[in-house]
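Visitor: one predicted model, sequence on top.
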Amino acid sequence: MDDYTLIEVTIYAVMSILGVSLAFIWGFGGILCFGQAAFFGLGSYTYAIAVMNMGDSTVPFLLAIVVPALFAALLGYVIFYGRLSDVYMGVITLTVTLILFNLINSTAGPEWRIGSAPLGGFNGIPAIPTLNWPGRQDEVLTPKDLFYVAFTCLLLVYLGLRVLIASKIGRVIVAAKENEQRVLLLGYDARVYKLLCFTLGGAIAGLAGCLFANWGAFTSPTIFGLAQSAQIIIWVIVGGLGTLVGPIIGCVAIQWLTSQIGTQQAFNANLVLGGILVVFVLLVPRGIVPTLGDLIDMAWRRWRKAPAHAPNVAMTAAAATETAP
């Protein structure tokens, strides 16, 4: 691939990790979080601030995962142990995201800095040092290396979540989504499993934020914005809720379409995204992957039934010939 294509495909992988994080907590945990962009932004800003103060990127990379996870755990504890309904869950997570957006947006000025890292306000933090090989600060990753790191992280996240969903913990998480009261009657504290699911989703979103900051060597308050939060939900709806590969397909398709619209300057990208969301909600409510799965299954069943009837028809014709006068 040429350099431009390599950079484009890398951001597809980074955003796919973000999409998978919401797909897990919403599709399998039943937690509709409007604030996944908050954990994404926290991971990005945590890495930027830490690496500009420390130099070596090994610890900042880990902090970009741990800090959003701890924030998600704290927020999830308040929500789940406060027994707030799903409606309040969406409102609170969205409100937290907008609070972080306004907070970071209002830090423009030389006095707003953490150590040697200026927050930059609405201008963001430019010139973020790229990831280096662990313990070798002078050997930073090339765009090709970052491509491999992003795709490796996406693959590990996907396979790790598949293993978790197939385990006992994963089955309890899915059961709590289907019927929380029944899970409680069976002796499982559904709040613990929901909190675990929510925290893990926050950590994965933080990982995506760290890679995003490395991809462009820049981060800004716009990643906390409402548009970013809405995009993640659209990826999951378009790809297919209740799957992990669906949001990856939805993310890549929407990102590519948005990029094409941006180059043509003929349509408003947000208007097109809104139209796509309406079309999928009305006509393909299950998303691309589940719908394709149903169509393939239907075609397979018809194909398997066709040969089974052929001998019966032949036998019937032979019997009719023998009994004819």
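Guide: Thanks, I have the structure now.

Visitor: in contact with Val238, which residues?
Guide: Gly250, Ala253, Ile254, Ile276, Leu277, Phe280, Gly287, Ile288 (Cβ atoms under 8 Å, 6 or more residues apart in numbering). Bear in mind the C-beta positions are built from the backbone N, C-alpha and C, glycine included.

Visitor: which residue ranges form the helices in the protein?
Guide: Under the criterion DSSP state H, the chain contains helices at 3-22, 36-54, 58-81, 86-105, 143-166, 168-178, 180-185, 190-216, 226-239, 245-264, 269-283, 288-323.

Visitor: return the closest of the contacts of Val238 with respect to Ser167.
Guide: Within the contacts of Val238, proximity to Ser167 (Cβ to Cβ) peaks at Gly287, which comes in at 24.8 Å.

Visitor: return the distance of the residue lying closest to Gly250 once chain neighbours are set aside relative to Ala23.
Guide: Sequence neighbours aside, Gly239 is the residue nearest to Gly250 in space, at 2.9 Å (criterion: Cβ to Cβ, 6 or more residues apart in numbering). As judged by Cβ to Cβ, to the nearest Å, Gly239 and Ala23 stand 8 Å apart.

Visitor: hey, what's in contact with both of these two?
Guide: Overlap between the neighbourhoods of Gly239 and Ala23 consists of Gly246, Pro247, taking contacts as Cβ under 8 Å, 6+ apart.

Visitor: hang on, the residue nearest to Gly250 packs against Thr291?
Guide: No. In this structure, Gly239 is not within contact of Thr291 by Cβ atoms under 8 Å, at 10.5 Å.

Visitor: between these two, who's got more neighbours?
Guide: Set Gly239 next to Thr291 and count neighbours by other Cβ atoms under 10 Å: Gly239 wins out with 29 against 16.

Visitor: list the contacts of the lengthiest strand in the chain.
Guide: Determined from DSSP state E, the single longest strand within the chain is strand 136-140. Under the contact criterion Cβ under 8 Å, 6+ apart, strand 136-140 has outside partners Gly55, Asp56, Ser57, Pro129, Thr130, Leu131, Asn132, Trp133.

Visitor: and of these, the nearest to Met15?
Guide: Met15 lies nearest to Leu131 out of the contacts of strand 136-140, by Cβ to Cβ, at 17.6 Å.

Visitor: on that earlier part again, and which of the contacts of Val238 is nearest to Phe34?
Guide: Sorting the contacts of Val238 by how near they are to Phe34, with Cβ to Cβ, puts Leu277 at the top with 14.2 Å.

Visitor: the closest one and Val236, how far apart?
Guide: In this view, Leu277 and Val236 are 11 Å apart by Cβ to Cβ.

Visitor: what do you get for Trp303?
Guide: Separation of Trp303 from Val236 (Cβ to Cβ): 31 Å.

Visitor: related to what we said a few turns ago, let me have the contacts of Val238 in TSV, adding distance to Ile31 as columns.
Guide: Supplementary listing: those in TSV, determined by distance: Cβ to Cβ, whole Å:
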residue	distance to Ile31
Gly250	19
Ala253	24
Ile254	22
Ile276	24
Leu277	20
Phe280	21
Gly287	18
Ile288	22
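
Visitor: report the buried members of those residues.
Guide: Among the contacts of Val238, those classed as buried by 16 or more other Cβ atoms under 10 Å are Gly250, Ala253, Ile254, Ile276, Leu277, Phe280, Gly287, Ile288.

Visitor: nearest to Ala203, of these?
Guide: Nearest to Ala203 among those, counting by Cβ to Cβ, is Gly250 at 21.6 Å.

Visitor: my read: that closest one touches Ile233, true?
Guide: No. Under the criterion of Cβ under 8 Å, Gly250 is not in contact with Ile233, lying 10.2 Å apart.

Visitor: where does pLDDT dip in this protein?
Guide: Counting by pLDDT under 70, the chain has low-confidence residues at 263-266, 307-325.

Visitor: ok so, going back, could you flag which of the contacts of strand 136-140 are buried?
Guide: Applying 16+ other Cβ under 10 Å to the contacts of strand 136-140, the neighbour count classes Asp56, Ser57, Pro129, Thr130, Leu131, Asn132 as buried.

Visitor: in JSON lines: the residues you listed, plus distance to Asp86.
Guide: As requested, those are exported to JSON lines (distance: Cβ to Cβ, whole Å):
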{"residue": "Asp56", "distance to Asp86": "42"}
{"residue": "Ser57", "distance to Asp86": "38"}
{"residue": "Pro129", "distance to Asp86": "41"}
{"residue": "Thr130", "distance to Asp86": "40"}
{"residue": "Leu131", "distance to Asp86": "37"}
{"residue": "Asn132", "distance to Asp86": "43"}
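
Visitor: and those, which two are furthest apart?
Guide: Longest span within the buried ones among the contacts of strand 136-140, Cβ to Cβ: Asp56 and Thr130, 11.9 Å.

Visitor: re the thing from before, which of Trp303 and Val236 has more neighbours?
Guide: Under the criterion of other Cβ under 10 Å, the comparison of Trp303 against Val236 puts Val236 first, with 26 against 9.
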